[in-house]
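> for reference, the sequence and a predicted model appear below.
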Amino acid sequence: MRVLGIEGTAWAASAAVHDADSDPCADDVFIETDAYEPESGGIHPREAAEHMRGAIPEVIDRAMDEARAHHDGDGPPVDAVAFSRGPGLGPCLRIAATAARALAGVLDVPLVGVNHMVAHLEIGRHRSGFDAPVCLNASGANAHLLGFRNGRYRVLGETMDTGVGNAIDKFTRHVGWSHPGGPKVEEAAREGEYVELPYVVKGMDFSFSGITSAAKEAYDDGTPIEDVCFSLQETVFAMLTEVSERALSLTDADELVLGGGVGQNARLREMLSEMCDARGASFYAPEPRFLRDNAGMIAVLGAKMCAAGDTLEIEDSRVRPDFRPDEVPVTWRDGAGPGGDPIEGIADRGDDSAGAEGGTVEEVRGAEALIEVGSERVLKRRLPKPYRHPELDGRLRRERTRSEARLTSEARKVGVSTPVVLDVDDVEATLTFETVGAADLRDALSESGVRAVGRQLAALHRGGFVHGDPTPRNARTAPDRTYLIDFGLGYYTDDREDYAMDLHVFEQAVVGTADDAERLLGAFEGAYEAAGDARVLDQLREIEGRGRYR
């Protein structure tokens with residue numbers, strides 16, 4: 001099967017030809033791209049659409065010439081036409097879609113509508129040969145983590161405000177650099193030194209607005225631009241690497257692929273590779289032509305969808321500027337229907353070994369710590385993260401160790417079941433707790449367990465603080481109760497938005513790991529409402545209704 005792909009979500013007018021019968025590791029995709037380059041500032045939607053209008057016919061003509069050159073039959077030179085249906089800028093999407101409809105109609109071949117962000121994931125899976133990877137999409141307008149479960153790619157974590165590329169571009173526009181800003185920041189960072197900038201991670205979600213504002217302010221205050229660029233990269237990419245590790249830990253996956261134009265940055269790839277090496281996981285980043293916006297990934301996924309019969313009638317092919325990746329039924333993967341296989345990979349649990357108690361302990365590898373679980377005590381060591389700058393890493397390990405000790409004890413005072421803190425050493429970043437529970441809630445998800453988490457989060461919020469990372473991995477179950485653990489990302493707040501984000505983090509993790517998520521979320525929210533403030537649930541609905549989340 002030979003497929004023509006057309007990409008037109010924003011700045012790149014691109015067409016490609018993919019031979020689905022060729023070796024994925026071979027040079028099996030011809031790509032022709034004409035990129036829009038604004039004279040100043042960022043992408044101007046009207047100018048981008050004007051560029052798309054002129055460039056799309058030309059790149060399609062060149063791709064079709066390539067298809068004809070390898071065609072030796074009587075039928076059309078391609079067997080299907082695939083186009084980027086969204087997300088993206090509406091005017092640009094409509095121009096590319098109109099061209100795709102016209103071409104599919106003239107050739108009398110199937111039309112395939114591809115989600116641009118899922119294509120970023122699938123090109124990495126296609127060329128790496130990975131089976132069930134977690135994907136970090138790091139592009140201009142988006143940043144999120146995806147994992148496959150029950151027939152869809154689930155969003156495990158995402159930006160709470162702006163895309164990672166846009167965050168960097170906002171800084172570079174402020175200092176007068178032209179679009180795209182990412183390569184210019186990468187170049188300047190080579191001569192820079194570290195200065196502290198905000199670091200915001202909430203579970204597997206993250207925020208860039210604060211760090212962009214702080215970077216602008218540091219530059220305005222006279223901090224050398226090389227230092228600001230170096231620190232911007234170090235902080236933003238450390239956040240993305242940390243949440244990627246959290247996603248691997250939550251899902252027990254052992255494969256990570258990178259997608260999106262920001263993935264061309266060598267420092268980001270270096271951090272992700274170091275993290276995966278330390279976990280014993282495999283990492284793959286496609287070559288740069290498949291990381292930036294391109295029609296090759298549209299053609300590759302289009303071929304898979306067409307082979308699965310996932311095509312569109314012309315009248316059903318309207319573009320979707322807010323097309324989320326978790327809205328796409330994954331028809332082209334084995335086990336992709338309801339009840340399909342979950343993400344599977346290495347378990348974080350290691351071998352039993354002799355411990356400080358004189359008996360055996362179980363070693364558990366979490367997202368940021370090595371945990372020795374004995375019969376009576378648990379020793380938690382926050383491990384140094386070589387991928388992070390030493391100053392940033394040391395600060396986070398100390399702050400999170402102190403916060404975990406303090407908020408674990410505070411939670412007990414407001415009626416939450418937690419382990420007793422027996423010892424804390426913030427210099428070595430170690431904590432000793434009493435041993436609680438028999439299993440992680442993730443491994444024993446039940447209505448009673450999620451109800452307990454709902455009640456206990458309500459108690460925390462009444463007490464004026466949040467957990468910060470309330471995933472099913474951070475709750476321990478026992479026959480008579482459920483315990484909350486790992487308060488390292490918690491903080492004091494009276495903001496209803498923060499409380500709602502606690503609920504969002506938990507629900508997002510449940511959706512990414514449970515087969516019957518809807519039933520469990522109903523039980524969770526019912527318990528929270530009965531014990532807490534119903535206005536927090538209203539705020540949760542408001543968060544979910546934002547374009548970033550829905």
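It's in. Worth saying up front: this structure is predicted, and the values here are computed from it rather than measured.
> residue 94 and residue 46: what is the separation?
13 Å (C-beta to C-beta, to the nearest Å). Using the backbone N, CA and C atoms, a C-beta is placed for each residue, glycine as well.
> the helix or strand where residue 476 lies pairs with which strands, parallel or anti?
Assigned by DSSP states H and E, residue 476 belongs to strand 475-477. According to DSSP bridges, strand 475-477 forms sheet pairs with strand 439-440 (antiparallel), strand 482-484 (antiparallel).
> which of residue 94 and residue 46 has more neighbours?
Using other C-beta atoms under 10 Å, the more surrounded residue of residue 94 and residue 46 is residue 94, with 17 against 9.
> isn't the more buried one up against residue 321?
No - look at residue 94 against residue 321 with C-beta atoms under 8 Å: they stay out of range, at 9.3 Å.
> just the CA atoms of stretch 141-161, as CSV, please.
Provided in CSV are the C-alpha atoms of stretch 141-161 (Å, rounded to 0.1, in the frame of the first residue of the first chain):
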residue,chain,number,x,y,z
ALA,A,141,1.6,24.2,21.0
ASN,A,142,1.4,21.0,23.0
ALA,A,143,3.2,19.0,25.7
HIS,A,144,1.7,15.8,27.1
LEU,A,145,2.4,12.2,28.0
LEU,A,146,0.4,9.4,26.3
GLY,A,147,0.0,5.7,27.1
PHE,A,148,-2.2,3.1,25.4
ARG,A,149,-5.0,1.4,27.3
ASN,A,150,-8.4,0.0,26.4
GLY,A,151,-8.4,1.0,22.8
ARG,A,152,-7.2,4.6,23.1
TYR,A,153,-4.1,6.6,23.9
ARG,A,154,-4.7,8.0,27.3
VAL,A,155,-3.3,11.4,28.5
LEU,A,156,-1.3,10.6,31.5
GLY,A,157,0.0,14.1,32.0
GLU,A,158,0.0,17.4,30.1
THR,A,159,0.8,21.1,30.4
MET,A,160,-1.6,23.1,32.5
ASP,A,161,-1.1,26.3,30.4
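> where's that stretch relative to the chain centroid, distance-wise?
Using C-alpha atoms, centre = their mean, to the nearest Å, the distance from the centre of stretch 141-161 to the centre of the chain it belongs to is 5 Å.
> can you give me the mean pLDDT across that stretch?
For stretch 141-161, mean pLDDT rounds to 90.
> after the helix or strand of the chain with the lowest mean pLDDT, which helix or strand is next? Please name it.
Least confident helix or strand of the chain, by mean pLDDT, DSSP states H and E, is strand 349-354 with a mean of 44. Counting by DSSP H and E, the element after strand 349-354 in chain order, helix or strand, is strand 360-365.
> in three-state terms, label the residue nearest to residue 471 when sequence neighbours are not counted for me.
Using C-beta to C-beta, 6 or more residues apart in numbering and skipping residues adjacent in sequence, the residue nearest residue 471 is residue 509, 3.9 Å away. Put simply, residue 509 is helix when judged by DSSP: H, G, I helix; E, B strand; the rest coil.
> quick one: residue 509 from residue 156, how far?
Relative to residue 156, and taking C-beta to C-beta, residue 509 is found at 7 Å.
> show me which of these two is the more surrounded one.
A side-by-side neighbour count of residue 509 and residue 156, using other C-beta under 10 Å, places residue 156 first with 32 against 28.
> sorry, back to before: now do the residue nearest to residue 471, the pLDDT please.
92.
> now swap in residue 310 and tell me
For residue 310, pLDDT reads 97.
> for the stretch 351-500 of the chain, which spans come out with low pLDDT?
351-359 (pLDDT under 70).
> mind redoing it with 90?
351-362, 364-367, 444 (pLDDT under 90).
> helices along that one, start to end?
Along the stretch 351-500 of the chain, the stretches classed as helices by DSSP state H, counting those that start in this stretch are 390-413, 447-462, 496-513.
> of all those, which lies closest to residue 468?
Nearest of the helices of the stretch 351-500 of the chain to residue 468, taken as C-beta to C-beta: helix 496-513 at 7.2 Å.
> counting contacts, what elements does the closest one pack onto?
If contacts are counted by 3 or more C-beta pairs under 8 Å, 6 or more residues apart in numbering; DSSP states H and E, helix 496-513 sits against strand 143-149, strand 152-158, strand 205-206, helix 225-251, helix 447-462, strand 465-466, helix 517-531, helix 534-544.
> what about the residue lying farthest from the centre of the chain, which SS state?
Residue farthest from the centre of the chain, counting by C-alpha atoms, centre = their mean, is residue 74 at 44.8 Å. In terms of secondary structure, residue 74 is coil; the call rests on three-state DSSP.
> OK, contacts around the residue nearest the centre of the chain?
Taking C-alpha atoms, centre = their mean, the centroid of the chain lies closest to residue 145, which sits 1.7 Å from it. Neighbour list for residue 145: 134-137, 155-158, 204, 243-244, 247 [criterion: C-beta atoms under 8 Å, 6 or more residues apart in numbering].
> hmm, try it at 10 Å
Contact analysis of residue 145 by C-beta atoms under 10 Å, 6 or more residues apart in numbering lists 134-138, 153-158, 204-206, 240, 243-244, 246-248, 250-251, 256, 508, 512.
> PyMOL command for the buried members of those?
Selection of buried members from the contacts of residue 145 for PyMOL, criterion 16 or more other C-beta atoms under 10 Å:
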select buried, resi 134+135+136+137+138+153+154+155+156+157+158+204+205+206+240+243+244+246+247+248+250+251+256+508+512
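> residues of whichever strand or helix holds residue 68 that come out buried?
Residue 68 belongs to helix 45-69 when assigned by DSSP H and E. By 16+ other C-beta under 10 Å, the buried positions in helix 45-69 come out as 48-49, 51-53, 55-56, 59-60, 62-64, 66-67.
> so which of these is the closest to residue 420?
residue 48 (58.3 Å).
> surely that closest one meets residue 8?
Yes - the criterion here is C-beta atoms under 10 Å, and residue 48 meets it with residue 8 at 9.4 Å.
> got any residues that touch both of these two?
88-89, 91-92, 95.
> counting by contacts, list what the helix holding residue 68 packs against.
strand 2-7, strand 12-19, strand 29-35, helix 90-107, helix 295-307 (3 or more C-beta pairs under 10 Å, 6 or more residues apart in numbering; DSSP states H and E).
> could I get those in JSON lines, plus columns for distance to residue 178 and mean pLDDT?
Shown next, in JSON lines, are these (distance: least, C-beta to C-beta, whole Å; pLDDT from 0 to 100):
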{"stretch": "strand 2-7", "distance to residue 178": "23", "mean pLDDT": "97"}
{"stretch": "strand 12-19", "distance to residue 178": "17", "mean pLDDT": "95"}
{"stretch": "strand 29-35", "distance to residue 178": "13", "mean pLDDT": "93"}
{"stretch": "helix 90-107", "distance to residue 178": "20", "mean pLDDT": "96"}
{"stretch": "helix 295-307", "distance to residue 178": "25", "mean pLDDT": "97"}
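> look up how far residue 43 lies from the closest residue in space to residue 172 that isn't next to it in sequence.
Spatial nearest neighbour of residue 172, chain neighbours left out: residue 181 (2.8 Å); criterion: C-beta to C-beta, 6+ apart. When distance is defined by C-beta to C-beta, residue 181 is 12 Å away from residue 43.
> mutual contacts of these two, please.
140, 166, 169.
> neighbour-wise, which of those leads?
residue 140 (27 neighbours).
> ok, and the closest non-adjacent residue to that one?
Distances taken as C-beta to C-beta, 6+ apart put residue 165 closest to residue 140, at 3.2 Å, once the chain neighbours are dropped.
> what sits against that neighbour?
Contacts of residue 165 (C-beta under 10 Å, 6+ apart): 42, 138-143, 179-182, 208, 260-263, 265.
> list the ones among these that fall in helices.
residue 182 (DSSP state H).
> from residue 301, how far off is the residue nearest to residue 140?
Counting by C-beta to C-beta, the gap from residue 165 to residue 301 is 21 Å.
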